[in-house]
Structure formats: C-alpha cells, structure tokens
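> Provided below for reference: sequence and predicted model.
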Amino acid sequence: MAVPIVDRAIQIELNSAAATEDGGCRLTMVTTNRTETALSRAAWQVAIFDGAGIVQALSVLDFGDLNAGKTKIGLFELPGRACTDISRIVVNDVAECRGADNSDQRDVCLGGLATLTKTDIDFGV
C-alpha cells in the first residue's frame, strides 16, 4: 500500500520491474527529495517477499546523493530472482542517510518517506 504523497517528504516510486537476460529482475526506482535537506548518501534496506508472502532477501537500495528538490532514477539488479516471483517489497529501515555536512539524517529519510508503485508488485513501508 502506498503512503500518500506529502509536502517535505522523500518519495520512492517503484516505476518498473523488468526481467534480465540472466533470469533476474531489474527494478527502476524514481526518488524525489522534496525536503530542503541535501543528502550526501541515501540508502534504504528493503525486504523482498515471494508469492507466498515469505521474506526471501534483504537488499539495500543505495541512491547515493540526493539534492534537495531533485528527482533521481536508480536501476537495481536482483540476480537470480524473477520479477514474477516477487509479490511485495517493504522498506524495512534506513541503511544510511547523511546530510551534505555528514550529519545523520535518518529521521528525514524514514520519517517523511512516501512510497508509490506503478507495477504489480506491492511496495510500501
């Protein structure tokens, strides 16, 4: 279930999930930093569920730097995991979130996080 988009939030959109030649899955993620805080590194840990609702993996989606007010696209490979075998992705925690001054910004990266999916895969917090 997607969290409604709010002002001053970071939004992560699961834009597409496409099969790779080696049988894996490539996720295209669109992230928008709607805060006034520039981030030198923004990375989230996600749990990946199979069709039976069982957690199959914990992965990190690392977007690197996210400038304030900027949208950034990230491609993430899930080797050996077919997209059709993924039913749900949940943002489990913040792996790292640092401001431009190297300050801890975990509250910015998780507290105001909004999620959205344009795929058949459920994506949320």
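Arrived safely, thanks for sending. Numbers count the residues shown, from 1 in each chain.
> Quick check: which ranges of the protein have low pLDDT?
1-8 (pLDDT under 70).
> can you give me the strands for it?
Assignment of strands within the chain using DSSP state E yields the ranges 10-19, 25-33, 39-49, 55-62, 71-78, 88-99, 113-117, 122-124.
> Quick one: closest of these to residue 105.
With distances scored as Cβ to Cβ, the stretch of the strands of the chain nearest to residue 105 is strand 88-99 (4.5 Å). Every residue, glycine included, has its C-beta placed from N, CA and C.
> So for the closest one, what gets flagged as buried?
Of the residues in strand 88-99, 88-92, 94-98 count as buried by neighbour count, 16 or more other Cβ atoms under 10 Å.
> Could you export the strands of the chain as JSON lines, including distance to residue 105?
Written out in JSON lines, the entries for those read as follows (distance: least, Cβ to Cβ, whole Å):
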{"stretch": "strand 10-19", "distance to residue 105": "10"}
{"stretch": "strand 25-33", "distance to residue 105": "11"}
{"stretch": "strand 39-49", "distance to residue 105": "6"}
{"stretch": "strand 55-62", "distance to residue 105": "15"}
{"stretch": "strand 71-78", "distance to residue 105": "16"}
{"stretch": "strand 88-99", "distance to residue 105": "5"}
{"stretch": "strand 113-117", "distance to residue 105": "12"}
{"stretch": "strand 122-124", "distance to residue 105": "21"}
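> Would you enumerate the residues in contact with residue 27?
With contact set as Cβ atoms under 8 Å, 6 or more residues apart in numbering, residue 27 has these partners: 14, 16-17, 61, 75-76, 78, 89.
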